[in-house]
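Asks: Return a 3D structure for these sequence lines:
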Amino acid sequence: MSCPPPLYPTHLSPIIGPVLQHVQYRLEKSWQPILQTAGDGSRTLPQSCKPLFTTDCSSAAIIASQNDESWYASYYARSCLFVGSLDIETAEAAAEKYRVEITRTCSDVIQAALALKGEWALVLANLAKESECHQTNKKGPPTSRLIVADGGKVNADGTPRKSNQTAIDARKVKRIHALNHFMLLENETVAGFLTLIVIQSISYPDTYTCRRITRICHRILETVAWHPRYTDLLGRQMLTAITKNIVTQPKWMVGAEWDVINVFRDIYCRLVLGQILQMGGQGPGLQQPPSANGSSGAVYEQAKSAERPLQGGGILIAPSEIPHQLLNALQGISVAMIRQLDHDLLTKRSAKAQKDRIRDFLRVAADGWKENQHPNQNFLDRAVAEESLLHNSNKSAVVEDIPEKLVLSNRKSRAEKANEEAVGLSAFSLTN
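Replies: The predicted structure follows:
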């Protein structure tokens with residue numbers, strides 16, 4: 001399948017490409033010292049991340065005069081801040097806050113561009129609500145959530161709809177398709193750096209960013225998973241970052257594990273199993289039939305929604321072995337276990353069953369990784385067993401018995417209730 005013709009002004013590519021390249025470089029240099037220090041097991045902030053104080057200006061000027069990468073790396077590592085004579089604690093807090101905020105802002109901008117947040121996301125939410133309504137009310141008039149009690153119509157967020165809202169939404173949907181296509185399929189520079197930004201951001205130790213990046217990952221998979229040129233980026237680099245987050249179980253990942261596991265599921269289903277999912281990685285895995293054309297080397301038929309990301313997107317018709325190679329390199333994982341994983345995901349295609357099976361599979365890898373780590377090595381404070389999602393299914397709730405017998409009021413006889421009331425009234429006296 002070849003790329004469709006351009007749908008967006010191509011003159012924007014020379015502008016957006018360098019901008020995305022700079023953003024990718026800036027985020028990489030901002031977090032690189034943090035990630036390297038965490039991998040070494042150190043808990044102290046690296047010197048390169050210290051803000052620039054007045055006393056350090058002379059040495060910084062020497063580095064800046066060289067005008068090489070070392071200056072830019074140090075400049076971004078300290079969040080581009082000059083703090084003068086500010087106290088150390090406040091200065092370090094400011095640098096950390098700025099590093100986190102620039103990363104979150106970047107993820108929010110990408111979400112808005114891909115209609116995952118903001119005004120365009122509301123259009124898709126309206127369409128989803130209407131589709132859900134028609135599917136659940138096939139007989140009789142639809143009782144949509146977009147219709148209020150007085151008969152007026154509202155958007156998914158509760159705001160009133162305009163009289164020409166349908167036409168406005170239709171125009172915005174076309175713009176969403178065009179911009180999505182432009183950013184991920186029309187220009188290799190734009191698509192390449194955008195995808196790298198997303199993959200790198202998965203590993204940045206910030207739960208807010210991680211949750212939002214997982215939504216962007218689903219949109220990328222819906223749009224380009226069918227394209228062979230993306231196979232290495234998705235099946236090796238993105239899946240590696242996702243797997244590392246799950247297996248190493250850093251504390252900042254607590255609460256976002258299911259979102260990350262669902263991205264693992266989306267990648268694996270589309271690149272290996274020939275299954276597509278609904279928009280956002282929701283719903284069961286929809287299995288595509290085997291291809292009848294054996295001469296092309298294709299194993300699965302391409303989904304009809306391959307060029308319509310908002311309807312589920314497509315699959316890689318010739319399954320890739322890259323995810324298998326990645327999983328086989330994990331501690332404690334064998335080829336037989338990978339084959340069993342494939343069989344289970346093909347036979348049990350509900351979202352819950354597949355995510356539970358992936359969790360159980362990666363638990364083995366997490367235990368193997370833990371056993372082979374040096375005691376001093378710790379990735380940003382590893383989540384303990386009580387916090388880890390991978391070990392939740394092994395835990396049983398322990399509720400201690402109350403020290404005295406519990407008697408419910410509705411189980412007491414009338415005589416017992418009357419006796420209690422009499423005893424209670426006898427405790428009060430109107431006279432001293």
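
Asks: so where's this protein shaky on pLDDT?
Replies: Scanning the chain for pLDDT under 70 picks out 1-13, 38-47, 132-152, 293-298, 373-389, 391-404, 406-432.

Asks: what about the residue sitting nearest the centre point of it, which helix or strand?
Replies: By CA atoms, centre = their mean, the chain has its centre lying nearest to Thr214, at 1.8 Å. Counting by DSSP states H and E, the element that carries Thr214 is helix 207-224.

Asks: what sits against Phe361?
Replies: The neighbourhood of Phe361, defined by CB atoms under 8 Å, 6 or more residues apart in numbering, consists of Ile333, Met337, Leu341. C-beta: built from backbone N, CA, C; applies to glycine.

Asks: burial count for Leu310?
Replies: By other CB atoms under 10 Å, 19 other residues sit near Leu310.

Asks: Assign a three-state SS to it, would you?
Replies: Remark: Leu310 carries the secondary structure label helix [criterion: DSSP: H, G, I helix; E, B strand; the rest coil].

Asks: contacting residues around the residue nearest to it when sequence neighbours are not counted?
Replies: Computed as CB to CB, 6 or more residues apart in numbering, the closest residue to Leu310 that is not its neighbour in sequence is Met279, at 5.8 Å. Neighbouring residues of Met279 by CB under 8 Å, 6+ apart: Leu124, Ala128, His218, Glu222, Pro309, Leu310, Gln311, Gly312.

Asks: Surely Val23 and Thr103 touch.
Replies: No - using CB atoms under 8 Å, Val23 makes no contact with Thr103, being 10.2 Å away.

Asks: what about those two, which has more around it?
Replies: Taking other CB under 10 Å, Val23 and Thr103 do not tie; Thr103 has more neighbours (24 against 18).

Asks: where's the more buried one relative to Ala256, distance?
Replies: Distance from Thr103 to Ala256, counting by CB to CB, to the nearest Å: 15 Å.

Asks: And the helices in the stretch 151-300 of the chain, which stretches?
Replies: Remark: helices assigned in the stretch 151-300 of the chain by DSSP state H, counting those that start in this stretch are 165-181, 188-202, 207-224, 231-232, 239-248, 257-268.

Asks: How about the stretch 1-150 of the chain?
Replies: Per DSSP H, counting those that start in this stretch, the stretch 1-150 of the chain carries helices over the ranges 13-39, 57-66, 69-77, 88-113, 119-136.

Asks: If you tally nearby residues, what's the number for the closest residue to Ile176 other than its chain neighbours?
Replies: For Ile176, ignoring the flanking residues on the chain, the nearest one in space by CB to CB, 6+ apart is Ala115 at 4.5 Å. Residues within reach of Ala115, counting by other CB under 10 Å, total 24.

Asks: Now for Ala115: which residues touch it?
Replies: Ala115 sits next to Ala121, Val123, Leu124, Ile176, Leu179, Asn180 when contact means CB under 8 Å, 6+ apart.

Asks: Look up phi and psi at it.
Replies: phi 60, psi 40 (degrees, to the nearest 10).

Asks: Can you say which of the helices of the stretch 1-150 of the chain is nearest to Thr207?
Replies: Smallest distance to Thr207 across the helices of the stretch 1-150 of the chain (CB to CB): 10.4 Å, for helix 88-113.

Asks: In that closest one, which residues are buried?
Replies: The neighbour-count check on helix 88-113 (16 or more other CB atoms under 10 Å) flags 91-92, 95, 98-100, 102-104, 106-108, 110-111, 113 as buried.
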